[in-house]
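> Below: sequence and its predicted model.
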Protein chains: 2
Amino acid sequence: MKVAQRRQNLREALIAAAERAIAAQGLGALRARALADEVGCAVGAIYNVVADLDELILLVNLRTLAALEEALAATSSREATTYPPAAIARLVRLSIVYTDFAAANTQRWRALFEHRLPAGHTAPEWYVKEQMRLFSYVEAPLAVLQPDADAKRLALLARSLVSAVHGIVMLGLEEKLYTLPLASLREQVTMMVSAIGRGLAGR
Amino acid sequence: MKVAQRRQNLREALIAAAERAIAAQGLGALRARALADEVGCAVGAIYNVVADLDELILLVNLRTLAALEEALAATSSREATTYPPAAIARLVRLSIVYTDFAAANTQRWRALFEHRLPAGHTAPEWYVKEQMRLFSYVEAPLAVLQPDADAKRLALLARSLVSAVHGIVMLGLEEKLYTLPLASLREQVTMMVSAIGRGLAGR
């Protein structure tokens, strides 16, 4: 086996091991020593295939974003509609997919938001691009509700809507205020996203 | 000075020191040793006046909630209105106060949500009560928009709305996606809360 291939295999084994560790115990429990033990390499060998644990976490998060995108893409066709109620229904469906994904993959989903790069570092372009791609799912139905909105406003609306849904899901999955069953969480998301949709369409 | 008074003074000095530490560096930087040094007591003396650091954090968070409530109460009268546009305007104002409070007191505000009690522990009743009181600010205008909603539905609507605003503010104050200036954050909150208000009123 060529060196490049061995490196690639180790890299993939590390990403998979990190993903399992995050899914099981959350981001805070990730340790280089435990990952090395699991894939059967020396701790130092990790840094031959990734720059540091931060890069490894970004690679895991990229897979989480891809899984989320797959779920969003599967929920319904992206075919064009110009009928506002259909656009609102599509926004609600996408939001429920997001809710269910977060509830089913809570630790991996949390890692998307909990991971902070060291001060002075920003996420690499390939990562930001994948994040931004997810916003495009809600931009199309939002454009139906606000046909006069320009690209900048649509981007802001998309970001606001996604953040609003995220807030509901995040606080719903915390035990901070009081724990909600998934059905109640879905009900909240449906109520809010429908209201947002009607409110935006009605302008 | 009586013992009870000395204990009370130490307790208050510790809460104030913990609040300054959280405001300056965030929850993660809180250390019993540094607090003891600052107030001039032995580390062990801390545990004569609070059960543990978790209780101390809850006491700081209670003050943060009280400061937030003061800001919400100051924004406008709580006098009754039955006019939906006035109720929507009130929801927007309250949301902007929340946004500004979070932007001006980011670390203390974050501590409200980042602090997790040890497994098996739930927040004491006095803390939960203060949290719930904040929801009452949005319930009154929501009741104007949905006059047929019962108390249970109003509570769910209030929670959803607050969570949605929280999500927008939280992701806006992160440097995770891309940093937003405060004006843009306020614009997002205004757009979403107005849309929610119109959407709820229009049913």
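Structure received.
> From now on I want contacts and neighbour counts done on CA atoms only, so please keep to that.
Will do.
> Which SSE is immediately downstream of the strand or helix carrying residue A:143?
When elements are assigned from DSSP states H and E, residue A:143 belongs to helix A:125-145. Moving toward the C-terminus from helix A:125-145, the next helix or strand (DSSP H and E) is helix A:151-173.
> Alpha carbons of the next helix or strand after that following helix, in PDB - could you do that?
Sequence-wise, the next helix or strand downstream of helix A:151-173 (DSSP H and E) is helix A:182-201. Extracted in PDB, the C-alpha atoms of helix A:182-201 (Å, rounded to 0.1, in the frame of the first residue of the first chain):
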ATOM      1  CA  LEU A 182     -40.500  16.000  20.600                       C
ATOM      2  CA  ALA A 183     -44.200  16.400  19.600                       C
ATOM      3  CA  SER A 184     -44.400  19.600  21.500                       C
ATOM      4  CA  LEU A 185     -41.200  20.800  20.000                       C
ATOM      5  CA  ARG A 186     -42.500  20.100  16.500                       C
ATOM      6  CA  GLU A 187     -45.700  21.900  17.400                       C
ATOM      7  CA  GLN A 188     -43.700  25.000  18.400                       C
ATOM      8  CA  VAL A 189     -41.700  25.000  15.300                       C
ATOM      9  CA  THR A 190     -44.800  24.500  13.100                       C
ATOM     10  CA  MET A 191     -46.600  27.400  14.900                       C
ATOM     11  CA  MET A 192     -43.700  29.800  14.600                       C
ATOM     12  CA  VAL A 193     -42.600  29.000  11.000                       C
ATOM     13  CA  SER A 194     -46.200  29.100   9.800                       C
ATOM     14  CA  ALA A 195     -46.700  32.400  11.400                       C
ATOM     15  CA  ILE A 196     -43.500  33.800  10.000                       C
ATOM     16  CA  GLY A 197     -44.500  32.500   6.500                       C
ATOM     17  CA  ARG A 198     -47.900  34.100   6.700                       C
ATOM     18  CA  GLY A 199     -46.500  37.300   8.100                       C
ATOM     19  CA  LEU A 200     -43.900  37.600   5.300                       C
ATOM     20  CA  ALA A 201     -46.500  36.700   2.600                       C
END
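> Run through who's touching helix A:182-201.
Contact partners of helix A:182-201, identified using CA atoms under 8 Å, 6 or more residues apart in numbering or on different chains, comprise A:84, A:88-89, A:91-92, A:95-96, A:99, A:103, A:142, A:145-146, A:161, A:165, A:168-169, A:172, B:156-157, B:160-161, B:192, B:194-200, B:202.
> Please produce a ChimeraX select command covering the buried subset of those residues.
What follows is the ChimeraX syntax selecting those of the contacts of helix A:182-201 that are buried according to 16 or more other CA atoms under 10 Å in any protein chain shown:
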select /A:84,88,89,91,92,95,96,99,103,142,145,146,161,165,168,169,172 /B:156,157,160,161,192,194,195,196,197,198,199,200
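> So the most centrally placed residue in chain A: helix, strand or coil?
In chain A, the residue lying closest to the centroid (CA atoms, centre = their mean) is residue A:65, at 4.4 Å. Here residue A:65 is helix, with the state taken from DSSP: H, G, I helix; E, B strand; the rest coil.
> what's it in contact with, if anything?
With contacts defined as CA under 8 Å, 6+ apart, the neighbours of residue A:65 are A:130-131.
> Residue A:72 now?
Each residue near residue A:72 by CA under 8 Å, 6+ apart is listed here: A:94, A:97-98, A:137.
> What is the nearest of those residues to chain B?
residue A:98 (14.1 Å; CA to the nearest CA).
> one step back: list of residues touching the helix holding residue A:143?
Residues contacting helix A:125-145 (CA under 8 Å, 6+ apart): A:58, A:62, A:65-66, A:69, A:72, A:80-84, A:87-88, A:90-91, A:94, A:149, A:154-155, A:157-159, A:162, A:197, A:200-201, B:177.
> Please spell out the ChimeraX selection for the buried subset of those residues.
To isolate the buried ones among the contacts of helix A:125-145 in ChimeraX, judged by 16+ other CA under 10 Å, type:
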select /A:58,62,65,69,72,84,87,88,90,91,94,154,155,157,158,159,162,197,200,201 /B:177
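> Those residues of chain A touching chain B, which are they?
A:113, A:116, A:128, A:131, A:156-157, A:160-161, A:163-168, A:170-171, A:176-177, A:188-189, A:191-192, A:194-200, A:202 (CA under 8 Å from any CA of the partner chain).
> hmm, try it at 6 Å
Listed as neighbours of chain B in chain A under the rule CA under 6 Å from any CA of the partner chain: A:160, A:163-164, A:166-168, A:188, A:195-196, A:198-200.
> residues near the spatially closest residue to residue A:53 that is not a sequence neighbour, how many?
Distances taken as CA to CA, 6 or more residues apart in numbering or on different chains put residue A:32 closest to residue A:53, at 7.4 Å, once the chain neighbours are dropped. Other residues near residue A:32 come to 17 when the count uses other CA atoms under 10 Å in any protein chain shown.
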